[in-house]
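> Give me the fold of what follows.
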Amino acid sequence: MKSKSKKINETKEVMHIKIDRPISMRKEILKNAITATKLLQDYDEIKILRETKKSLFDELRSLGSEIIVLQRNLHNSIPSLPEEPTINKARDVNQTIPKFDFESVKEKTDVDKLKGELAEIEAKLKQLG
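Okay, the predicted model is just below:
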């Protein structure tokens with residue numbers, strides 16, 4: 001087997017090709033190499049971001065399920081309140097409405113009338129005397 005590999009290497013001939021404008025060709029090759037390395041770096045960054053995203057989503061899922069469990073535990077641990085009767089906003093027809101005391105208003109007006117009459121009498125006394 002070793003002899004075959006040596007024969008293959010020996011039979012290879014080196015070919016040389018003449019390139020027009022070799023400097024511009026070298027520049028293009030270098031630019032393409034730089035672009036390829038930048039793409040590989042960007043690809044590595046994207047892979048890292050995907051892994052980070054996946055781990056964060058897994059953590060979010062676990063936190064969400066933990067929140068659901070804690071919410072159930074909280075709901076089960078809170079004592080239930082006794083049911084209260086529903087309050088009707090409309091008044092019952094049989095309910096009595098408190099009556100307004102009109103006599104106190106009349107008394108005030110009577111007092112005001114008396115004060116007015118006294119003021120008139122005093123004015124007449126001043127004119128006379």
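
> Quick check: next helix or strand after the longest helix along the chain?
Longest helix in the chain, counting residues (DSSP state H): helix 22-77. For helix 22-77, the following helix or strand on the C-terminal side (DSSP states H and E) is helix 102-128.

> picking that back up, quick one: average pLDDT of the longest helix of the chain?
Here helix 22-77 scores 94 as its mean pLDDT.

> Quick check: phi and psi at residue 18.
Residue 18 adopts backbone torsions of phi -90, psi 130, taken as degrees, to the nearest 10.

> what's around residue 117, how many residues?
Residue 117: 10 surrounding residues under other C-beta atoms under 10 Å. (Each C-beta comes from the backbone N, C-alpha and C, glycine too.)

> Residue 123 versus that one, what's the distance?
Using C-beta to C-beta, to the nearest Å, residue 117 is found at 11 Å from residue 123.

> swap in residue 27?
Distance, residue 27 to residue 123, by C-beta to C-beta: 119 Å.

> cool, residue 21 as well?
Where residue 123 is concerned, residue 21 sits at a distance of 126 Å (C-beta to C-beta).

> Same question for residue 67.
In terms of C-beta to C-beta, residue 67 sits 84 Å off from residue 123.

> Residue 112 now?
As for residue 112, its distance to residue 123 is 17 Å (criterion: C-beta to C-beta).
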